[in-house]
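need a 3D model of the sequence below.
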Amino acid sequence: MRLNPHLAFGGQCEAAFKFYERCLGGKIVTMLTYGKSPMAEQVPPRWREKILHATLTVGDNVLMGADPVPEQYEQPKGFAVLLGIDDPVDAERIFHALAENGAVQMPLQKTFWSVRFGVVVDQFGIPWAINCEQAPSVA
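Numbering: from 1, shown residues only. Now for the predicted structure:
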């Protein structure tokens, strides 16, 4: 079994996935538009260049997304995509990249459970939590 986040966008999926590919160092493996699918005639002509299915791989992790038709789109809420990052320098870089034109909800900082933790809503409306746990102490 795999558990992979699938994100919904209001027409910005392609731009978002290109941004995530750059920020996270991943690779887009699928970017299928409605117009290039059997669903082309089921969406308005202006929506045919929007994304029916996108897949981004980052190491062994997979992030998926799409542009639902406008009447089915809802602004994301009630969750965050959590990135567990081992290196505090990488955590800083990725947090600041995701914050570009977004909104910082909790600045990246040291907490009682991590050397870095922060929450940001990116420019596409997707909430992210960055967590860089402390190395376990040796007794």
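
span of stretch 45-61 from start to end?
Stretch 45-61 has its terminal residues 33 Å apart, counting by C-alpha to C-alpha, to the nearest Å.

and that stretch, which residues are buried?
Buried positions in stretch 45-61, judged by neighbour count with 16 or more other C-beta atoms under 10 Å: 47, 48, 50, 51, 52, 53, 54, 55, 56. For glycine as for every other residue, the C-beta is placed from the backbone atoms N, C-alpha and C.

what of stretch 13-31?
Under the neighbour-count criterion of 16+ other C-beta under 10 Å, stretch 13-31 has 13, 14, 16, 17, 19, 20, 21, 23, 24, 26, 31 buried.

now the helices: where do they sit in this protein?
Residue ranges of the helices in the chain, as given by DSSP state H, are 13-24, 88-99.

I'd like those helices as a markdown table, with mean pLDDT appended.
Written out in a markdown table, the entries for these read as follows (pLDDT from 0 to 100):
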| stretch | mean pLDDT |
| --- | --- |
| helix 13-24 | 98 |
| helix 88-99 | 97 |
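
and residue 117, which of the ones you listed is closest to it?
Checking the helices of the chain against residue 117 by C-beta to C-beta gives helix 88-99 as the closest, at 8.5 Å.
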